[in-house]
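> coordinates only, sequence not included:
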């Protein structure tokens, strides 16, 4: 049997990691500025994280959600305090796509309506409902397209209100910062207006913080820059630092009904140990403040070059847009400079480094990028 060939792979085999550093099978060292799609939040093999998972596995690794799991209760309390949403409830799943699926379902349950408003260039996952609210025809099958979804332009409040006024919308889903779509940052004023409009029309506001949350922008959630309180917030990626976990933060207006949601693996003991360790490190190492400082350093010191048309983002969620395709630049960064980066489309290098990135590591990238750009 072969693996189903759906990924474009780089010729690198990571076998070890520590902090923002990865080593391959040949012993070569790499700087990780992508964190495996924004998943590595507190760094590879953080000792607090390794110890928490090891100790938990030595006790019990799994049982179903038919029994009480005190670690789930501890996480819900600690997460609420850490992100400033202590009165919200938490539903635990395994991934960002699942979190968005369940948020969409909750919005429909809550309102009794069946249409969703989403935004151009959005990405919310690859499961059925998540794909339907993703603005990428290449991954939307006919089955997914059967969902009732309307896409509008980012920062266009009038277009949003025109849809909400029709009276059949259950929810609006929006990313804190669009990642796959090109590091598109919603304007703070727009998010405030969007929040007001959803309340005016009785529509559920779903904030997808799967990529932009967990400290990545210098606040716990990206939407907190605008000072709004969404009805539902979805999380994953950095929540587990590599262990699969996701969740939906649910405002008090939603009432739970036994059996309306469910999961086999969501909230398992190992996932809880991982998530609690992540919160420990974020708090103890003051990573929100650190992200702000290093993010500002990158924004201030990135090279000025005719090929760079724009730099966008917040904290350690940055996009460097070029006037040309970036595949050759990214390849040189990886194979010549040993630096992992991501992309968004054909013209943007996307940086999603672990939150523990040091200024000297940021400076290493800046110097490497300058060298690569001098060759093109």
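Everything's here; your move. Here the structure is a predicted model, which is why all the values come from computation and not from measurement.
> give me the number of residues near residue 180?
21 (other C-beta atoms under 10 Å). Every C-beta, even on glycine, is put in place using the N, C-alpha and C of the backbone.
> who touches it in this structure?
Listed by C-beta atoms under 8 Å, 6 or more residues apart in numbering, the contact partners of residue 180 are 123, 136, 344.
> Can you lay out those residues as TSV showing secondary structure, distance to residue 242 and pLDDT?
Below are the contacts of residue 180 laid out as TSV (DSSP: H, G, I helix; E, B strand; the rest coil; distance: C-beta to C-beta, whole Å; pLDDT from 0 to 100):
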residue	secondary structure	distance to residue 242	pLDDT
123	coil	20	97
136	coil	25	94
344	coil	22	96
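> ok, of the residues you listed, which come out buried?
Neighbour counting over these (16 or more other C-beta atoms under 10 Å) leaves 123, 344 as the buried ones.
> Relative to residue 265, which of the contacts of residue 180 is nearest.
Taking C-beta to C-beta as the measure, residue 265 lies nearest residue 123 of the contacts of residue 180, at 23.4 Å.
> Skip the chain neighbours and tell me the closest residue to residue 122.
residue 135 (4.8 Å; C-beta to C-beta, 6 or more residues apart in numbering).
> mind checking which helix or strand residue 37 is in?
helix 35-38 (DSSP states H and E).
> How far off centre is the helix or strand following that helix?
Following helix 35-38 in sequence order, the next helix or strand is helix 47-59 (DSSP H and E). Centre-to-centre, helix 47-59 and its host chain are 24 Å apart (C-alpha atoms, centre = their mean, to the nearest Å).
> still on that earlier bit, just to be sure, the residue nearest to residue 122 is in a strand?
No. Assignment of residue 135 by DSSP: H, G, I helix; E, B strand; the rest coil gives coil, placing it outside any strand.
> Count residues in the vicinity of it, would you?
17.
> what's the answer for residue 308, then?
Residues near residue 308, counting by other C-beta under 10 Å: 16.
> chain center to the lowest-mean-pLDDT helix or strand in the chain, what's the gap?
Every helix and strand of the chain was ranked by mean pLDDT, DSSP states H and E. The lowest is helix 142-145, at a mean of 86. Chain-centre distance of helix 142-145: 24 Å, with C-alpha atoms, centre = their mean.
> Tell me the strands beside the helix or strand following it, with direction?
Going down the chain from helix 142-145, the next helix or strand is strand 149-152, by DSSP H and E. Taking DSSP bridges as the criterion, strand 149-152 forms sheet pairs with strand 115-119 (parallel).
> Now tell me what touches the partner strand from outside.
104, 107, 124, 132-135, 147-154, 160, 163-164, 168-175, 178, 203.
> Tell me the secondary structure of the closest residue to residue 373 other than its chain neighbours, please.
Among residues not flanking residue 373 along the chain, residue 305 sits closest, at 4.8 Å (C-beta to C-beta, 6+ apart). Using three-state DSSP, the structure places residue 305 in coil.
> from memory residue 305 sits against residue 372, does it?
No. When contacts are counted by C-beta atoms under 8 Å, residue 305 is not listed as touching residue 372 (9.9 Å).
> Have a look at the two and say which one is more surrounded.
Neighbour count, other C-beta under 10 Å: between residue 305 and residue 372, residue 372 has more, with 20 against 16.
> who are the neighbours in contact with that one?
329, 332, 333, 336, 337.
> which residues touch the spatially most central residue of the chain?
What sits nearest the mean C-alpha location of the chain, by C-alpha atoms, centre = their mean, is residue 211, with 1.0 Å. Residues near residue 211 by C-beta under 8 Å, 6+ apart: 37, 38, 96, 175, 176, 177, 179, 237, 317, 352.
> Skipping its backbone neighbours, what lies nearest the second one in space?
When the adjacent residues along the chain are set aside, residue 38 lies closest to residue 352, with 4.0 Å between them (C-beta to C-beta, 6+ apart).
> The one you found contacts residue 35, correct?
Yes. Between residue 352 and residue 35 there is a contact under C-beta under 8 Å: 5.2 Å.
> These two: which is more packed in?
Relative neighbour count places residue 352 above the other of residue 352 and residue 35, with 30 against 26, counting by other C-beta under 10 Å.
> Could you report the separation of the more buried one from residue 204?
Counting by C-beta to C-beta, to the nearest Å, the gap from residue 352 to residue 204 is 28 Å.
> what number of residues lie near residue 30?
19.
> Okay, and the beta partners of it?
Beta-bridge partners of residue 30, as defined by DSSP bridges: residue 22.
> That one reaches residue 337, doesn't it?
No. Judged on C-beta under 8 Å, residue 30 makes no contact with residue 337 at a distance of 9.0 Å.
> Can you point out the buried residues in whichever strand or helix holds residue 196?
Under the criterion of DSSP H and E, residue 196 resides in helix 188-201. By neighbour count on 16+ other C-beta under 10 Å, the buried set for helix 188-201 is 190, 191, 193, 194, 195, 197, 198, 201.
> who touches it?
Contacts of helix 188-201 (C-beta under 8 Å, 6+ apart): 154-155, 157, 160-161, 164-165, 167, 169, 172, 174, 186, 203-205, 223, 225-231.
> Please report how far residue 215 lies from residue 314.
Counting by C-beta to C-beta, the gap from residue 215 to residue 314 is 11 Å.
> can you check residue 114 too?
Counting by C-beta to C-beta - residue 114 and residue 314 are separated by 34 Å.
> Show me which of the two is the more surrounded one.
More crowded of residue 114 and residue 314, by other C-beta under 10 Å: residue 314, with 22 against 12.
> among the contacts of residue 211, which ones are buried?
38, 96, 175, 176, 177, 179, 237, 317, 352.
> need the contact list for the last one.
Think residue 352. Contacts of residue 352 by C-beta under 8 Å, 6+ apart are 33, 34, 35, 37, 38, 179, 211, 216, 316, 317, 342.
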